[in-house]
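Engineer: okay, predicted coordinates and the sequence, questions at the end:
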Amino acid sequence: MDEAALIEKAQRGDVPAYNRLVLHYQELAFNVAVRLMKDPQTAEDMTQDAFVRAYKSLNKFRGGNFKAWLLRIVTNRCYDELRRHKRRPQTSIDEVTEEHEGVAFMVSDNEGPEAHQQRMELAAAVESCLETLPEEQRLAAILCDIEDHDYNEMAEIMGVSLGTVKSRISRARSKLRDCLQGFAELLPASYRL
């Protein structure tokens, strides 16, 4: 994929070119959104809205790292929604009546029921600990340790300096480590204190 050519065509109004960019980045954008929003349906909405906003703002893109620019729009859109939700908390009937498994993608067909249950409990513990982090640290942990971005990309996505990225990752990992010690029985022996 020649990203620069597709961006140039999309900036001139070529919708199929933009659609190719969307197809290339949609999974990555959704993964970041679902980690921030903790709800797949809301993450889908935020991802879709971010792609629409990116298309409308495409003429403002002046080169550089398109992926970082796009993920910045996704994270900003998620943060906007989280702030809005804090101002007007709502509970969905679906949330009350359905069981949500935000980590269903981790299911393996090669494990027994006990191993599956232990893995699910550990994944829930990690998710729970991620939720306790301040938003900036949670985003840093997600981008670095889950999405595997390098520090420079993260700085661009988050709109902060490289030193700030390193500091947020360090603090997030420290808090996660402390939090996960409360779930020590779920951790492999090599990770227990």
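Structural biologist: Looks like it arrived, so ask away.
Engineer: from residue 3, how far out is residue 138?
Structural biologist: 28 Å (CB to CB, to the nearest Å). Glycine gets a C-beta too; all of them are placed from N, C-alpha and C.
Engineer: more neighbours, those two?
Structural biologist: With neighbours defined as other CB atoms under 10 Å, residue 138 and residue 3 compare such that residue 138 has more, 20 against 14.
Engineer: domain boundaries for this structure, per the record?
Structural biologist: 3-87, 101-191 (automatic domain parsing).
Engineer: quick one: the helices in the protein?
Structural biologist: Counting by DSSP state H, the chain has helices at residues 3-11, 15-37, 40-56, 66-87, 93-97, 113-132, 135-141, 151-158, 162-180.
Engineer: including distance to residue 187 and mean pLDDT, could these go into TSV?
Structural biologist: Output for the helices of the chain, formatted as TSV (distance: least, CB to CB, whole Å; pLDDT from 0 to 100):
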stretch	distance to residue 187	mean pLDDT
helix 3-11	40	90
helix 15-37	21	93
helix 40-56	27	93
helix 66-87	29	88
helix 93-97	29	44
helix 113-132	7	83
helix 135-141	17	91
helix 151-158	26	91
helix 162-180	6	92
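Engineer: nearest to residue 186, of those?
Structural biologist: helix 113-132 (4.5 Å; CB to CB).
Engineer: burial count for the nearest residue to residue 142 once chain neighbours are set aside?
Structural biologist: Excluding its sequence neighbours, the residue lying closest to residue 142 (CB to CB, 6 or more residues apart in numbering) is residue 35, at 4.4 Å. The local packing of residue 35 (other CB under 10 Å) involves 20 other residues.
Engineer: and for the one 5 residues further on?
Structural biologist: Other residues lying near residue 40 total 16 when counted by other CB under 10 Å.
Engineer: roughly how far does it sit from residue 159?
Structural biologist: The gap separating residue 40 from residue 159 is 26 Å, by CB to CB.
Engineer: same question for residue 113.
Structural biologist: Distance, residue 113 to residue 159, by CB to CB: 45 Å.
Engineer: do residue 123 as well
Structural biologist: Residue 123 sits 30 Å away from residue 159, going by CB to CB.
Engineer: middle-most residue in this protein, spatially?
Structural biologist: residue 32 (1.9 Å; CA atoms, centre = their mean).
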